[in-house]
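# coords please:
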Amino acid sequence: MARPLAVVCFLLLLAQVHAFPNGYVWGCLNISKNLPFCDWKLPVEKRVADLVERLTIPEIAGLLGPDVKSKVDPCNFMDAGVPRLGIPEFMNLVETNTAVASACFAPEKCATEFPGPTGLGASFNRSLWLAKGDVISTEMRALNNLNWHRATGDAPRSLIGLSGFGPNINIVRDPRFGRNSELPSEDPLLSGEYAAHYVRGCQVGLEPGAYLKMISGLKHYDAYSVEDHRESRSFNISLFDLWDTYLPQYRRGFAAGARLTMCSYASINGVPSCANKYLLDDVVRGVWNHTGVVVGTDCGAVDHMVHANHYATSALDAVTKTIAAGTDLEFGEAYFSPIADGGDGLLETAVKRGLISAARLRQSATRVLTNRFLVGQFDPLEQQPLTHIGAEAINASEHQALNLDAALQSMVLLKNDGVLPLRAGTRLAVLGPHVFSTRDLIEDYAGDERCFSGDDSCIPTIGATLARANGLDVTTVVQGIGLDSTNASGIPAALAAGRAADAIVLCLGIGLAQEHESQDRVNITLPGLQESFAKQVFALGKPVVLVLVNGGVVAIDDLIAPSNAIVEAFYPSMRGGEALALLLLGRANRWGKLPVTMYPAAYTSEVSMYSFDMSAAPGRTYRYYTGPVLFPFGFGLSYTTFAQTCSQDSTKDIVCSTRNTGAREGDQILMMYHRVGTDISHNVTHPVPLRRLVDFERVSVAAGATETVHFVLSDEDLTLTNEKGQEVLYPGTHYLDVGDGVSPPQTFVIRVTQHRIVRSNAV
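Got it, this is the predicted structure:
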């Protein structure tokens, strides 16, 4: 049967879009090579302007919405390209929060899977976050160069692009939130610094001024912190809370260069984030002046405005409101997409009816295409070293080494009465529901595949790894119970193993069945039989090391006192078992600090899951919570001891000398907090934090050695956020507390004489 003429023309045009050396199509190689937008010597702005002016409205719509006919999941969003001009299709969404979401390329060539972001937040290590971004972007480049794909149902059509969504930097507002495992911290500064350094690692090229390695996207902008009916809920958030808690980390991420963001499902004060002009155009592109940031919807968010939160009266109304607010890309229903691409054609309809101007769509196309120029998609291949990164970079040995180091730094030693480190060769029983966990060692948003076999059998378990490290002949591994099971039949065997041992490692916690996208927890206690099982283990009278594996914190109120040692491991990922063994046996001493508050079980009965007010009694996070805690934000022990002395130099900066007074090398984390005196707190009309993290530094210190940490002060470090969202330097008494979260801090007093608005945040 003869092909329709249009199909023949399309195939002829596509044939002229030369393949990348390893198979990936690239623009400007033939059809349009003599047009101005393909002249790599011209400024990017001129090239993009030339290209955008050549595009028809349907072609622009084909770049702003998914090509349904590509058979790629519209949530992953493969656009239609522009065959007439030799512009190839482009995959707009690949998850990069913990790994490049992809199929394994070959045995031992699965994307590097890092520990969960909460664990990475516990490292308090900017250089680690930068290095993680570098690994993620290097592997994304390799997979893109190899024309490789996701491991989703639309594979192999779902080719890996150069647009990655990660980091996710919503605040750990409530411990019940189902996606806490994806987030670095409850603190805006720590989350913002994580974002800034991860983004820099992802986007910076091989040399200054070079092409971006990838486009890094921040999720989920903004105030996304509830899964239950997330499509329809609206949350009342004051300007104070918005600017004090929910926006600061995004400001740092965008300031570091992030060129992409995903607007969230959350509605703030009745307005969905993806139709919220204040958040998108006024704040990101106005107050922060990041005019080139591309905003894409979370999957289906436009449709939710019609069928869930009813902000729009029709799909056309939803499309109009979304575009008018500053959103550029639609992931999901393909309302934006042309009818010819299998969509609803509503962008074209809106332009024809005068609801949206053609100039507004060209503005979105300009932002979207600028990113593609910045990664070099329209430039000669021979001048781009990034295009020659190959399979050797995927899960390379240096990436594996960094992953192990990240796992070592992501765990927190919460208690140790001297039982740790364990002596290798000790008769050891490793018990509990997490001893054989594989997928449950990895956070919610993981890579598509971790093992070439397609399952998770290659992930080393805690039990097997610890047994190999301690000695197979002296280590017994018995699960005893499941994570959330009422089956007690395995308990006698576990107790028998514990009874025969000299020490016990008890691995408790939660997993994806308890917390994940679309599911919040109703409480923060250990599920199933875990607590009663733990008490039976304690009753054996043996030394017990309690290891917690989780994303959101778990309440262990009654388990703290009988435990001889407690380790918070979060979700430590592929090399987590190995890292835990090295730490427990004293072969490493690289512990982190808590990036979150560990609340008692009663906390969740005192605060509503749906209140976004941070300071309403009893308060949220260490900044406003006034109740008792199990372990506070910033706490964490070491196998060695440190002594530090700090002083202010001639510039008023604070310089600390930290000396390792123990017999082991170890890592010290110093944190600087700001708080104000009552002469300020009693005379303002807005909430005042109990204290606020303003800087931190991690250093490795050899036994007997001394390292210096320099904290550079700025006016911003001494500000408070007022009810208008302004960051204000108030006259009066300010305190800076510098410490390690364990020993009493050293306090410096600064007296300010003049009132000043340091950052107005005015729209």
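
# all contacts plus neighbour counts: C-alpha atoms, from now on.
Noted.

# and the helices in the stretch 51-200 of the chain?
Counting by DSSP state H, counting those that start in this stretch, the stretch 51-200 of the chain forms helices over residues 57-64, 117-122, 126-145, 188-203, given from the N-terminal end onward.

# and those, which is most packed in?
Across the helices of the stretch 51-200 of the chain, averaging neighbours per residue (mean count of other C-alpha atoms under 10 Å) puts helix 117-122 on top, at a mean of 30.

# what comes up buried for stretch 500-510?
Taking 16 or more other C-alpha atoms under 10 Å as the basis for neighbour counts, the residues of stretch 500-510 that come out buried are 501, 503-510.

# keep only those of the residues you listed that are in strands.
Among the buried residues of stretch 500-510, DSSP state E puts 503-509 in strands.

# show me which of the residues you listed is closest to residue 290.
residue 509 (41.2 Å; C-alpha to C-alpha).

# what sits against the closest one?
Residue 509 makes contact with 433-434, 483, 526-527, 548-550, 554 under the criterion C-alpha atoms under 8 Å, 6 or more residues apart in numbering.

# one more pass at 6 Å, please.
Counting by C-alpha atoms under 6 Å, 6 or more residues apart in numbering, residue 509 makes contact with 548-550.

# tell me the bridge partners for it.
Each beta-bridge partner of residue 509 is listed here: residue 549, as defined by DSSP bridges.

# export the contacts of residue 509 as TSV, with columns for neighbour count, distance to residue 710 and pLDDT.
Written out in TSV, the entries for the contacts of residue 509 read as follows (neighbours: other C-alpha atoms under 10 Å; distance: C-alpha to C-alpha, whole Å; pLDDT from 0 to 100):
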residue	neighbour count	distance to residue 710	pLDDT
548	23	34	98
549	26	34	98
550	29	34	98
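
# just send those residues back as TSV, with distance to residue 449 too.
TSV is the format used below for the contacts of residue 509 (distance: C-alpha to C-alpha, whole Å):
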residue	distance to residue 449
548	25
549	21
550	21
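
# which of those residues sits closest to residue 519?
Out of the contacts of residue 509, the member with the shortest distance to residue 519 (by C-alpha to C-alpha) is residue 550, at 14.7 Å.

# leaving out chain neighbours, which residue sits closest to the closest one?
If you skip the residues right next to it in sequence, residue 550 has residue 570 as its closest partner in space, 4.6 Å away by C-alpha to C-alpha, 6 or more residues apart in numbering.

# burial measure for the one you found, as a count.
Using other C-alpha atoms under 10 Å as the criterion, residue 570 is surrounded by 31 other residues.

# same question, residue 229
14.

# and it, what is it in contact with?
By C-alpha under 6 Å, 6+ apart, no residues touch residue 229.

# now it. Its backbone dihedrals?
Its backbone dihedrals place residue 229 at phi 50, psi 40, with angles given as degrees, to the nearest 10.

# measure it to residue 520 for me?
Between residue 229 and residue 520 the distance, using C-alpha to C-alpha, to the nearest Å, works out to 10 Å.

# what's the answer for residue 484, then?
15 Å.

# of these two, who's got more company?
For residue 484 against residue 520, the residue with the higher neighbour count under other C-alpha under 10 Å is residue 520, and the figures read 22 against 17.

# go ahead and confirm that one touches residue 177.
Yes - taking C-alpha atoms under 6 Å as the definition, residue 520 is a contact partner of residue 177 at 4.9 Å.

# so where's this protein uncertain?
Under the criterion of pLDDT under 70, the regions of the chain flagged as low confidence span 1-25, 205-209.

# repeat that with 80
Low-confidence segments of the chain, defined by pLDDT under 80, are located at 1-27, 29-30, 205-209, 650-651.

# ok, residue 172 touching residue 184?
No - Residue 172 lies out of contact with residue 184 (C-alpha under 6 Å); the separation is 7.7 Å.

# more neighbours: which of the two?
When residue 172 and residue 184 are compared for neighbours, residue 184 comes out ahead with 31 against 28, by other C-alpha under 10 Å.

# and the more buried one, how far from residue 88?
Residue 184 sits at a distance of 36 Å from residue 88 (criterion: C-alpha to C-alpha).

# same check on residue 45?
20 Å.

# of the two, give the one with the bigger neighbour count.
With other C-alpha under 10 Å as the criterion, residue 45 and residue 88 differ in neighbour count, and residue 88 comes out ahead with 21 against 12.

# okay, now the spatially closest residue to that one that is not a sequence neighbour: neighbour count?
Leaving out its chain neighbours, the residue that sits closest to residue 88 by C-alpha to C-alpha, 6+ apart is residue 81, at 4.8 Å. Other residues lying near residue 81 total 20 when counted by other C-alpha under 10 Å.

# also residue 239?
Residues within reach of residue 239, counting by other C-alpha under 10 Å, total 16.

# look up phi and psi at the closest residue to it other than its chain neighbours.
Using C-alpha to C-alpha, 6+ apart and skipping the chain neighbours, the partner closest in space to residue 239 is residue 725 (5.2 Å). Note on residue 725: backbone dihedrals following degrees, to the nearest 10 are phi 90, psi 10.
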